[in-house]
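A.B. asks: what follows is a protein structure lacking sequence information:
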């Protein structure tokens, strides 16, 4: 028997990726997809890839069918989740939120970076953070509650934080580093969202590499929270001319007395992710690249020791829409519902 | 219980797409993959997307495990299939051939266009042509034989002929056209193969649109054969800077006395493909584009009537590696083995 | 001494290309650039490539400095030229118009295809058509008037008509063809204009090939007019993921009694364009491609004879913004002012 | 009167860019272009952009015409310059070398990173380093010698070192930084050279972002030399799917007692490059991007202060083939010959 799933914000890029994944999922039935701008029109008008597929048409965010769902995924801009999440939870519906609204544990940090008040800070204490490989225990506790009939909230990690933290966390958690963590990441243009703008115009993004929001990107506090490294992250996101894919290059300074070797690092990383189906630590000498993970919920991680500077460079490659958004959300939902965490999810993308 | 499948030429682009599809297929087990150039090395060295996947390493084309298979897919250059297909059939192994070697019914035409002798013309009389929507009966007969224990040969259609014929056949079969059929098609660069060359160098193919082989491409006689239009096809292939995707724009002149309308055309096309899960005729006014079918075995077809010239423009969009090669091959194999023709095959690709 | 030039609509893609060309031109001084949407802001805010360049800031279309110019280039949408051209001419300013407003000789055809009334049809009789290689005499007459102190109007050819006609005209003018002229052309995304839209979003245009406006594109009557082939043109434009570049593939049916050969065609084409610095007929066997002409005012033309169908395929490759718009406009202005027609214009683009 | 120039290695990407620049240069005449692989064939066969241009055909590296030149540019792989440079100098020909052979002042460092012996270390003491904005005095001294009739050698900076050093040098020279300088740079695929390979295949490079040679790239010691920061540079190059363009993101840690502000940094950078026509410091809040400098010899530099970590992020964007190779080489030659340093060079590229 399949669970009923709803997707709010299904016309956006993360939203439509959720629709793709859920439409192929054996245990979820997509019963409602909403969009503020496209309500009333068929999904195919916006995304012709769905011609021939059996999916619902867009309705509005106030569709009462949402409260009939076993789980609702929110792929909406920040603040919109603040508006709908409490209502859904109150109606007994488990929420997997892809927005930024419940990621930051401290509402003051949220208000500082997003410049809006947090209207339901009480939910922050009990929400689970949706990055299963690093916060598995939180998720397991939420799953237990959900399976006991309680509506729970999962706040999924953002795309940059996912790639960055999967690359950096194994070393950061050893406590062997010090000083600034330099995060230079490259994202495909889907990361900039579906709304047409001067910046996302083909002729602006094509044949161009650029940095943006240096040191000011809102994923900075989220990365610091995940890595437990307050004030230590200098994050510079970049845009490159690809549709999907995100590569995070993290440079960490080891403490002067930390004695490590490339071999130790490699095996420490492999041990850290042993048994994790969605994170693949690549063999020494093979570096993560985005094209290998497009369309999948798998992350590739590489780690390199640089002796001269006693630094470590860790690389994390993901599909920003799949492992970095919709795929990870479904991975979390799988855990909540007691399914295999990769159930229904693509692990093997197109090789070329 | 799963059938054993082998892939010869698995390091090429069509070959590795077969590996992707078969690795995800519930009824086939990939027991052997061969490559002349990569024999002995793991698939992951060439295609890191497969890290973490359970697939065999490359062996050579002479791997005896091939003859233990229930079916072998040949994704090899022309003439290589001539060498291996007769042996496999003789060993009782059903062959699904993606090369050009057994596509043309007349060996003289093959020899004229490929400039090599055909060394097993006797197989041409009984091979089935692998384009299920247009040659379903042939395939059904082959399936009956295969299921009765006979080793059979399916010669799959090429990428350009698939897109072109799916677009043109419904009208061409009415007999209402006359004169030259102008086929201008655009292919992604995977269509040029995996071998690095000046032409496939990123910096040559990027930011470029070009025609090639005007009137001389070897898919010309294949298109003429499928459409039963000898000497009427003028085929100009083009290369554009995309990895996957093929769009064929076919312009057909109606006979002066043919009275058609856009509505009649549309419903004639819809009827033609009614019940075909892998061909989607798009609604009037919606034109096929390649991005909607990437990664899937689905073709999109559009048809437009141009009153001023009394011509019809039909568009066919496919993923050249999937519906145009590996996906169609597995579709054929599904039929041979009595499975649902879309079994294990992706019908819904990434929407963005 | 330099002539004063103005550019209206300088924030659009053709407009900013005019600015680039005129800023580098030894005989024109760019004295005013206008933009409805960007009036008052520096060009560099929109196009950072101009940081460090000495160019004026945007003013509005009503800037009186326009009437002080020796020539004004109009890179504005259709109907906007209808509004400003008569005023500029009345003020004694020569106009080079890149819009569609004065291209079609018959105002009824304009009104049919553009669905707006033509408010200054009297100008159509005397305007010169701006495609120097095919309408050199008209341009020479306009140049004589301009040099005699009269304000003249040049209506520059559109991008598709330029590439298509340069490819097709030599054969079409022989009178040896009959029936439908099939024009399948591929344009880069700059051709769709600077305005952000769902269609020009990077993630829509990237990794996609599509046809649009089959048989309905407004360049159809313009091509028919240039080629003197009323009702014979079936034009299907396509969009491919490149920024600049336009390739037109024109298939023409020879009359049954026309006896041609590849050699005759080749030398006929070479003779036709002998002495033309902006059109290069490529040697037999070399096919025009867009990347060879990006950034330049040069067109590449190839011609192929297809014996089986007695058809000719002619290819024309241009940079849609340069030879297809701004470059051709400056080429026309050079002629008007008695300069070498390639004065100040790039003939040699980046080779890679 | 024009100077005679030769280009060795003209078939490569930097070589052909030299041909483009010199063919348009008013003071140099291109008298010989050589290529090992293409000797005897016309340039147009390899680069059809040159059809119609007046350029010599390829000859071999041993063409005696080279010694008749006033200057020879070497765009050859490392070690090939070691072979030819001493001979050319001995023949009285000034050499502008784009290879790595004479960049590193210490031959031991060269031998360590390139794993070949340096066969003419005596030339290192007197060669000028070709990065005019940072080593102007060296270049001026070489110019004086050249103009006095002495053959001189200029070793041009590499592409990554050029972008990185232009971004970092103003701050590094203040002495206010400490610790590791993290250089994460993104290059277009022309940076990987013209030779077709698995890595430069369109279908590998397209839709992909990857790091390579982490901490091991041979430009590391060159950057350390230019910035006078031995052992402090951790350089991670990345490849993104663009043809031309290189963005270097440099993160520098300020000393704890360094008191800086964004305004001070900005004006310090502006002062540093005041009067330099080829380096543009962008206004605060505007970040350098590669598309703004494609086809030009201009570099764009941005500098950002990050208060939380007391770090500075400096960005340098160049066209890797122009400012990063051929353009900078011609800029150096201009200085040697007493011309304006931007003589004949494009400063304004295509804005879109």
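C.D. replies: Cool, got the structure. Note that the coordinates shown come from a computational prediction; the quantities given were computed from them, not determined experimentally.

A.B. asks: let me see the contact set for the residue in the stretch 101-250 of chain A positioned nearest to chain B.
C.D. replies: In the stretch 101-250 of chain A, the residue that lies nearest chain B is residue A:190 (6.1 Å; C-beta to the nearest C-beta). All C-beta atoms are positioned from the backbone trio N, CA, C, and that covers glycine. Going by C-beta atoms under 8 Å, 6 or more residues apart in numbering or on different chains, residue A:190 touches A:13, A:243-244, A:320-321, B:352, C:203.

A.B. asks: quick check: bridge partners of the closest residue to chain D within the stretch 51-200 of chain A?
C.D. replies: Here the residue of the stretch 51-200 of chain A nearest chain D is residue A:184; by C-beta to the nearest C-beta that distance is 3.8 Å. Counting by DSSP bridges, residue A:184 is bridged to residue A:236, residue A:249.

A.B. asks: now do residue A:177
C.D. replies: residue A:254.

A.B. asks: touching, it and residue A:251? I think so.
C.D. replies: No. Residue A:177 lies out of contact with residue A:251 (C-beta atoms under 8 Å); the separation is 10.1 Å.

A.B. asks: residues shared between the contacts of the two?
C.D. replies: Contacts common to residue A:177 and residue A:251, judged by C-beta under 8 Å, 6+ apart, are residue A:312.

A.B. asks: biggest helix in chain A, by residue count?
C.D. replies: helix A:159-172 (DSSP state H).

A.B. asks: so which elements touch that one?
C.D. replies: Packed against helix A:159-172, as judged by 3 or more C-beta pairs under 8 Å, 6 or more residues apart in numbering or on different chains; DSSP states H and E, are the following elements: strand A:177-187, helix A:219-227, strand A:233-239, strand A:246-254, helix A:262-272, strand A:299-306, strand A:311-318.

A.B. asks: which ones are touching residue A:322?
C.D. replies: With contact taken as C-beta under 8 Å, 6+ apart, residue A:322 is in contact with A:17, A:21, A:244, A:293-297, A:328, A:346.

A.B. asks: among those residues, which one lies nearest to residue A:78?
C.D. replies: residue A:328 (17.4 Å; C-beta to C-beta).

A.B. asks: looking at the closest one now. What's its pLDDT?
C.D. replies: In this model, residue A:328 is scored at 98, pLDDT.

A.B. asks: got the phi and psi for it?
C.D. replies: When quoted as degrees, to the nearest 10, the phi and psi of residue A:328 stand at phi -70, psi -40.

A.B. asks: show me what contacts the nearest residue to residue A:33 once chain neighbours are set aside?
C.D. replies: Leaving aside its sequence neighbours, residue A:33 sits nearest to residue A:10 (C-beta to C-beta, 6 or more residues apart in numbering or on different chains; 3.7 Å). By C-beta under 8 Å, 6+ apart, the contact set of residue A:10 is A:16, A:18-19, A:33-35, A:43, A:58, A:75.

A.B. asks: for the residues you listed, which one is nearest chain C?
C.D. replies: Using C-beta to the nearest C-beta, the contacts of residue A:10 come closest to chain C at residue A:16, 11.0 Å.

A.B. asks: you'd agree the closest one is up against residue B:352?
C.D. replies: Yes. With contact defined as C-beta under 8 Å, residue A:16 counts as touching residue B:352 (6.5 Å).

A.B. asks: so where's the stretch 1-150 of chain A shaky on pLDDT?
C.D. replies: Applying pLDDT under 70 to the stretch 1-150 of chain A picks out residues A:1.

A.B. asks: quick one: the strands in it?
C.D. replies: Taking DSSP state E, counting those that start in this stretch, the strands of the stretch 1-150 of chain A run over residues A:3-8, A:28-34, A:58-59, A:71-74, A:94-97, A:128-130.

A.B. asks: just these: most buried one?
C.D. replies: strand A:71-74 (a mean of 30; mean count of other C-beta atoms under 10 Å in any protein chain shown).

A.B. asks: for chain C, what is the nearest residue in the stretch 51-200 of chain A?
C.D. replies: The nearest approach of the stretch 51-200 of chain A to chain C comes at residue A:196, 3.7 Å away (C-beta to the nearest C-beta).

A.B. asks: I'd say that residue and residue C:197 touch.
C.D. replies: Yes. Proximity of residue A:196 to residue C:197 meets the contact threshold set by C-beta under 8 Å, at 5.3 Å.

A.B. asks: more neighbours, those two?
C.D. replies: residue A:196 (18 against 11; other C-beta atoms under 10 Å in any protein chain shown).

A.B. asks: could you measure from the more buried one over to residue C:198?
C.D. replies: 6 Å (C-beta to C-beta, to the nearest Å).

A.B. asks: same thing with residue A:170?
C.D. replies: Using C-beta to C-beta, one obtains 41 Å as the distance from residue A:170 to residue C:198.

A.B. asks: now the residue nearest to residue A:296 when sequence neighbours are not counted: phi and psi?
C.D. replies: Closest residue to residue A:296 apart from its sequence neighbours, by C-beta to C-beta, 6+ apart: residue A:349 at 4.3 Å. Note on residue A:349: its backbone torsions stand at phi -90, psi -170 [degrees, to the nearest 10].

A.B. asks: who are the neighbours in contact with the residue of the stretch 251-352 of chain A found nearest chain C?
C.D. replies: Proximity of the stretch 251-352 of chain A to chain C (C-beta to the nearest C-beta) peaks at residue A:321, 9.9 Å away. Shown in contact with residue A:321 (C-beta under 8 Å, 6+ apart): A:13-14, A:17, A:159, A:190, A:244, A:327, B:352.

A.B. asks: now intersect those residues with the helices, please.
C.D. replies: Residues of the contacts of residue A:321 located in helices (DSSP H): A:13-14, A:17, A:159, A:327.
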